[in-house]
Every structure is written in C-alpha cells, then in structure tokens.
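*Asks:* whatever this is, show me its structure:
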Amino acid sequence: MIESRPGSRETVAVLASCAAASLTATAWSWRHGAMLNYGDAVAHLHIARRIFDSHRPGLSQVGSVWLPLPHLLMIPFVAVYPWWANGIAGLIPSSLAWLASCWGIHRLARQWLRPAAAGLALAFFALNPNLLYMQTTAMTEPLFVCEMVWTALWLVQWRASLESADIRRSNRILWLLVVVLVAAVYTRYDGWIMALIAWVAIGVVLLRRGLLRSRVFWMATAVVVAAPAAWFAYNAVVFGDWLDFMRGPYSAKAIEMRTAMPGAGPPHPGWHNPWVSLLFYVKAAEMDSAVWGNLLLAVSLLGTTWAWLTERRPHFAWSLLLWLPVPFYTYSVAYGSVPIFLPVWWPHSYYNTRYGLELLPALALGVGFAARFVLSAIGDFKPAWTRIAAVLLFAAIAMNAVLMIRERPLVFVEGTKNIEARNPYEREIPPAMKKLLAARPGGTVLMNTSVFPQIVAFTGIPLRQTVNESDKEYYQAALEGPASHADLLLAFDGDAVDRAVKAHPQGLRVVGRFSTPGQPNGTLYVSDTW
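*Replies:* Reported below is the predicted structural model:
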C-alpha cells in the first residue's frame with residue numbers, strides 16, 4: 001500500500017539535514033581547493049562565461065557537444081568574476097540540484113516506505129562522499145541525478161492520480177514531467193533515452209485506458225519532441241551539420257579516433273564488447289557507492305526484487321526507470337566512444353568513474369526496501385528490537401561513508417589526478433601574463449582557451465580581451481597575421497596558435513616557456529608590431 005506524503009516537519013528535517021551535509025562538503029572542497037579539479041568543470045564554467053563575455057556573444061557559444069542547460073543555469077553566477085575564477089559559480093546550481101534530489105529521493109521512498117526505511121534510503125544517498133563532492137563542482141551529474149529522481153517520482157504519482165480518476169491532478173503532473181524531461185534532454189544525452197522511454201510508457205498507459213486522444217497529452221508530446229529537434233536544428237544552423245554533436249571534430253567519437261594508437265588493439269576495455277562494458281559500469285557504480293560494493297549491489301537488487309513482488313506493480317514499475325544507467329552506459333562504453341577506466345582493472349587508471357553515480361538513486365531505493373524487509377522481520381519476531389536494528393542500520397551507512405572518505409572517494413581521486421596535469425600551467429602562466437599586460441593595459445591575447453581555460457580567469461582579464469577559437473572569423477584572421485592582431489600570444493605545441501606562429505613568426509618574440517610532464521609545452525610571445 002502506498003504510504004502517505006511526508007509531513008511538513010519531516011520535510012523540514014530532511015532538507016535541514018541535507019543542507020548541513022552540503023555545507024560541510026562545500027567547506028571541505030573549498031578548503032582543499034577541489035572545486036576546479038575536473039577539467040570538464042572548468043570547461044563548463046568557461047562555456048557559461050563566454051556566452052556573454054566574448055567577441056561573438058550568444059547561444060552559439062554553447063558549442064555543439066555538451067548540452068546547454070547546465071551552462072545556462074550558471075550564467076547569473078559566472079557573471080560575478082571571482083565566482084567564475086574560484087568555481088563558486090558552478091557550486092551554486094549543483095548544490096541546489098543535489099538538495100532537490102535528496103528531497104525527491106525521500107519523497108519517492110515514502111511512496112511505499114515508512115519513515116525509518118525511507119530515512120535509511122535517504123541517508124545512503126545523501127551521505128555518499130562522491131556525490132557530495134560532485135555537488136561542489138560545475139559537473140553535470142548532480143543536475144541529471146536530480147532530474148532522474150523527480151522523473152521517477154512524478155511518473156509514480158501520475159499513475160496513481162490516473163487510477164484515482166483525478167484527471168486535473170494527472171494533467172498537472174504530466175506538465176511537470178514535461179518540464180523535467182525537457183530539462184534532462186538539455187542536460188545529458190542519457191536524458192534523451194529516459195524521455196523516450198518515459199513518454200512511450202505514458203502513451204501506452206493512456207492507450208490502454210482509451211485516453212490517448214487527450215489534447216493535453218498531445219500538446220505535451222509536441223513540447224517533448226521539440227526539445228531534441230531544436231538541438232538538431234541548432235547544430236545544423238550554427239555548425240552546418242545536424243549531427244555535429246555526434247560526428248563533429250569535438251565529438252566523443254572524433255576524440256576516440258584521434259587518441260587511439262594505430263595497430264595497438266582496442267582503444268579501451270569494453271570496446272565493442274557489451275559484457276565487459278557492463279562489468280566496468282557496474283563496478284564503477286559499486287566503487288562510487290560503497291566500500292562493500294558487491295554486498296551493496298546484492299542487497300539493493302534483493303530489495304528491489306522484493307518490492308517488485310510485494311508492491312502494486314503499476315506504481316512501482318515506474319521507479320525502475322532509475323536503473324536505466326545500466327543499459328545506457330553498457331551500450332555507450334561498448335559502442336558510443338565513452339570509455340570507463342578503473343584503478344582495480346586494466347589499464348589501472350581513472351577515467352569517467354563518475355558515471356557510476358547515476359545508479360545511486362536506484363541503489364538507495366533498493367537499500368530502503370531491503371531495510372524495510374529487515375525491520376519488518378525483526379518487528380514480527382521482537383518488536384522491541386526494531387529501533388535498535390534501525391540504529392544499527394544507520395550506523396552501518398555512516399560507517400560506509402567514513403570508510404569511503406578514509407580510502408579517498410573514487411571520483412575525488414580522479415579529479416585530483418585531473419588537476420595535477422593542469423596545475424603547473426595554471427600556477428605559472430597567469431602571473432607571467434599579468435606582468436606583461438600591466439605594461440600593455442587592455443592588450444589582446446591570442447590563445448586557444450579550450451585546453452586550459454582557467455588561465456584566463458586566473459590572469460584576471462575578461463574573455464573578450466582574448467582572441468580564441470570560439471571567435472571564429474576573428475580567430476582565423478588573427479592566425480593569418482598573429483603579430484598584427486594581438487599583444488600577447490600563448491601557444492601550446494601543435495595547437496592552431498603554435499602553427500600560426502611557425503608560419504608567420506615576423507614581429508614575435510619569445511618571453512616565456514613552460515612545460516609539465518604529459519602536457520604539450522607552452523610558449524608565451526609578445527608582439528613587437530601590434
């Protein structure tokens with residue numbers, strides 16, 4: 001039987017506890033300077049900033065590969081220069097999304113579970129050190145996890161309102177689903193599959209009930225279909241190819257082809273092998289979620305199976321959408337040029353380990369049902385022991401979080417290794433540029449900002465004071481005559497600026513060279529003719 005909606009006191013307690021956890025994680029991340037560890041987080045901040053701070057401001061600055069919503073949400077915050085430079089601009093929307101996902105996972109659990117079991121599901125979700133760290137960054141996972149949770153919750157509630165013949169409420173929830181699914185479509189490509197499955201399932205239910213002719217449903221369908229169609233149109237108009245995000249020069253497929261070694265075998269484990277891809281994704285999810293990964297997965301699967309057997313399937317079945325990341329990433333790793341590297345398996349490295357976090361809501365809900373089974377069994381045998389058992393289960397979840405922190409969370413470790421490659425350049429190049437620009441107030445810098453975008457923020461100049469690859473015709477003109485188009489030039493071995501300098505060295509003078517292991521060497525030039 002579906003439980004009643006949590007009361008206002010319960011909701012306030014949940015939000016206050018989760019807010020405290022978020023603030024604690026934020027303080028820790030700030031103290032350790034970890035908000036900008038991920039290169040992708042820095043790139044997201046950079047994209048959001050250049051939408052209004054560039055020679056060609058506008059939505060075309062979003063680019064063609066990453067979807068636009070995370071960047072659009074950050075615009076009000078990256079407009080504050082220090083927040084752009086230190087990463088707070090990405091923290092704000094991510095932490096709010098994480099808080100909303102905590103509220104959503106608790107409300108979803110309370111559809112079936114009593115407060116103790118629902119609280120255990122929430123505790124497992126909210127105390128996860130990996131996701132707590134990610135909500136302090138500009139990465140897209142916290143936002144998408146939030147969208148997944150609320151999609152599942154509103155689908156469950158939509159079906160319940162349909163069964164109770166409350167058409168007004170079902171239509172209202174349908175429009176809420178439209179909002180969250182469109183948001184998911186514009187956040188990550190996982191959202192496209194989630195929206196397709198959810199909307200087809202809604203259509204099938206309405207068809208079986210003879211309600212498919214509903215005008216509200218077809219109006220909502222038009223909005224949902226328009227979301228990916230608009231992205232196709234954007235790519236066609238701005239980049240000349242409606243599938244540029246899939247096959248363009250910055251797509252995952254193109255990057256895989258550029259980085260693969262000819263004749264060296266498969267570019268990554270799981271390449272064209274769904275079974276290995278499944279193992280890598282499930283292992284990543286286990287390592288992201290618990291120190292006892294195999295045990296956690298077994299408990300969650302048993303809890304989910306028990307719920308499937310004991311709950312009203314028309315309601316509970318909608319929550320199974322939370323398991324979508326398993327088939328999605330199995331396919332993506334095998335055939336979508338999206339590798340996952342784990343330190344415990346060859347090639348014993350860290351890459352895309354954060355994808356396992358998307359399975360956390362499904363695992364948490366399964367843990368909640370397993371907890372209900374345990375508490376119910378103990379209650380039938382010794383009712384007085386139920387509270388003690390609940391305390392022990394909460395302690396086990398807290399212990400899991402403590403052990404994960406002590407062993408260093410997987411996602412955080414990947415971030416630290418990510419920043420180690422950039423740190424020397426971000427520490428050495430900005431002071432050198434500041435010193436040179438002090439003698440040339442307002443001087444223009446020709447550089448490629450996509451590789452080390454935070455160099456600009458740390459230098460303290462606006463993006464429009466640079467000429468970079470997003471400026472298109474300005475950039476091309478500058479590459480054809482570097483000395484006459486910029487005061488300073490920052491080139492990295494092999495990039496477009498480096499090639500332009502070698503082709504047109506006249507009027508350029510080297511003033512600094514920079515190097516770090518594993519990265520192309522950087523060279524700073526000044527123009528004697530600009």
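*Asks:* so where's this protein uncertain?
*Replies:* Low-confidence segments of the chain (pLDDT under 70): 1-5, 256-265, 530.
*Asks:* go with 80
*Replies:* 1-7, 250, 252-265, 312-314, 529-530 (pLDDT under 80).
*Asks:* quick check: longest helix in it by residues?
*Replies:* Longest helix in the chain, counting residues (DSSP state H): helix 410-438.
*Asks:* and the strands in this protein, which stretches?
*Replies:* 445-447, 466-467, 488-492, 508-514, 522-527 (DSSP state E).
*Asks:* out of these, deepest packed?
*Replies:* Comparing the strands of the chain by mean neighbour count (mean count of other CB atoms under 10 Å), strand 445-447 ranks first with a mean of 27. The way it works is simple: take the backbone N, C-alpha and C, and place the C-beta from them, glycine included.
*Asks:* helices or strands next to it in the packing?
*Replies:* Counting contacts by 3 or more CB pairs under 8 Å, 6 or more residues apart in numbering; DSSP states H and E, strand 445-447 packs against helix 454-459, strand 466-467, strand 488-492.
*Asks:* wait, which of the strands of the chain is closest to E286?
*Replies:* strand 488-492 (37.9 Å; CB to CB).
*Asks:* give me the contact list for the closest one.
*Replies:* Residues outside strand 488-492 that contact it (CB atoms under 8 Å, 6 or more residues apart in numbering) are 429, 433, 436-437, 440, 443-448, 451-452, 455, 482, 497-498, 500-501, 508, 519-527.
*Asks:* returning to that earlier point: what's the angle between the longest helix of the chain and strand 488-492?
*Replies:* The directions of helix 410-438 and strand 488-492 differ by 150 degrees, with axes from the mean of the first three to the mean of the last three CA atoms, to 10 degrees as the criterion.
*Asks:* elements contacting helix 410-438?
*Replies:* helix 39-50, helix 129-134, helix 274-289, helix 454-459, strand 488-492, strand 508-514, strand 522-527.
*Asks:* number of nearby residues for E286?
*Replies:* Neighbour count of E286, defined by other CB atoms under 10 Å: 21.
*Asks:* can you pull the contacts of the closest residue to it other than its chain neighbours?
*Replies:* Spatial nearest neighbour of E286, excluding adjacent residues (CB to CB, 6 or more residues apart in numbering): G293 at 2.8 Å. Contact analysis of G293 by CB under 8 Å, 6+ apart lists K283, E286, M287.
*Asks:* and these, which is closest to G368?
*Replies:* E286 (18.0 Å).
*Asks:* any idea which of the strands of the chain gets closest to S337?
*Replies:* strand 488-492 (24.1 Å).
*Asks:* alpha carbons of that closest one, as PDB, please.
*Replies:* Extracted C-alpha coordinates of strand 488-492, given in PDB (Å, rounded to 0.1, in the frame of the first residue of the first chain):
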ATOM      1  CA  LEU A 488      50.500  38.500 -26.400                       C
ATOM      2  CA  LEU A 489      50.300  35.000 -27.800                       C
ATOM      3  CA  LEU A 490      50.100  31.800 -25.800                       C
ATOM      4  CA  ALA A 491      50.800  28.800 -27.900                       C
ATOM      5  CA  PHE A 492      51.000  25.100 -27.000                       C
END
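*Asks:* any buried residues in stretch 470-479, and which?
*Replies:* S470, D471, Y474, Y475, A478, L479 (16 or more other CB atoms under 10 Å).
*Asks:* mind checking which of the residues you listed land in helices?
*Replies:* Those of those lying in helices (DSSP H): Y474, Y475, A478, L479.
*Asks:* I'd say R354 and M134 touch.
*Replies:* Yes - contact criterion CB atoms under 8 Å: R354 and M134 qualify, at 6.4 Å.
*Asks:* can you check which residues contact both of the two?
*Replies:* E141, V411.
*Asks:* these two: which has the busier surroundings?
*Replies:* M134 (29 against 26).
*Asks:* which ones are touching the more buried one?
*Replies:* Per CB under 8 Å, 6+ apart, neighbours of M134: S94, W98, E141, P142, R354, L357, V411.
*Asks:* between those residues, which is nearest P343?
*Replies:* V411 (12.0 Å).
*Asks:* the residue lying closest to the closest one once chain neighbours are set aside and S349, how far apart?
*Replies:* Leaving out its chain neighbours, the residue that sits closest to V411 by CB to CB, 6+ apart is N130, at 4.1 Å. According to CB to CB, to the nearest Å, N130 and S349 sit 17 Å apart.
*Asks:* those two - which one has more neighbours?
*Replies:* Between N130 and S349, counted using other CB under 10 Å, N130 has the larger neighbour count: 23 against 14.
*Asks:* and that one, what is it in contact with?
*Replies:* D288, S289, R354, L357, M404, P409, L410, V411, F412.
*Asks:* quick one, what contacts the second one?
*Replies:* Read that as S289. N128, N130, L296, G356, L359, L360, L363 are the contacts of S289 under CB under 8 Å, 6+ apart.
*Asks:* can I get these in TSV including distance to D53?
*Replies:* Below are the contacts of S289 laid out as TSV (distance: CB to CB, whole Å):
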residue	distance to D53
N128	35
N130	32
L296	44
G356	35
L359	37
L360	35
L363	40
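*Asks:* so for G240, which of the helices and strands packed on strand 445-447 sits nearest?
*Replies:* strand 466-467 (22.3 Å).
*Asks:* quickly run through the sheet partners of that closest one, with directions.
*Replies:* strand 445-447 (parallel) (DSSP bridges).
*Asks:* still on that earlier bit, mind picking the one among the contacts of N130 that's closest to R372?
*Replies:* Closest approach to R372 among those (CB to CB): S289, at 19.3 Å.
*Asks:* the closest one and K283, how far apart?
*Replies:* 11 Å.
*Asks:* shared neighbours of the two, anything?
*Replies:* G356.
*Asks:* reformat the helices and strands packed on strand 445-447 as CSV; add distance to W154.
*Replies:* Output for the helices and strands packed on strand 445-447, formatted as CSV (distance: least, CB to CB, whole Å):
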stretch, distance to W154
helix 454-459, 38
strand 466-467, 44
strand 488-492, 47
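*Asks:* for V238, which of these is the nearest?
*Replies:* Nearest to V238, of all these, is strand 466-467, at 19.5 Å by CB to CB.
*Asks:* what's next to the closest one, contact-wise?
*Replies:* Outside strand 466-467, the residues touching it (CB under 8 Å, 6+ apart) are H55, T444, V445, L446, M447, T449, V456, Y474, Y475, A478, H485, A486.
*Asks:* now do 10 Å
*Replies:* 50, 53-55, 444-449, 455-456, 459, 474-479, 482, 485-486, 488-490, 497 (CB atoms under 10 Å, 6 or more residues apart in numbering).
*Asks:* stretch 158-165 now?
*Replies:* By CB under 10 Å, 6+ apart, stretch 158-165 touches 2, 111, 166-174, 176-177, 198, 201-202, 205-206, 209, 211, 312, 314-318.
*Asks:* which of the residues you listed count as buried?
*Replies:* 111, 170-174, 176-177, 198, 202, 205-206, 315-316, 318.
*Asks:* from these, pick the one nearest N273.
*Replies:* When the buried ones among the contacts of stretch 158-165 are compared against N273 (criterion: CB to CB), the nearest one is A198, at 29.0 Å.
*Asks:* hmm, L321 and that closest one touching each other?
*Replies:* Yes - using CB atoms under 10 Å, A198 is in contact with L321, at 6.4 Å.
*Asks:* now do the shared contacts for those two.
*Replies:* T151, A152, L155.
*Asks:* find the nearest non-adjacent residue to the last one, please.
*Replies:* Once its chain neighbours are removed from consideration, L155 has its nearest residue in W318; the separation is 3.9 Å (CB to CB, 6+ apart).
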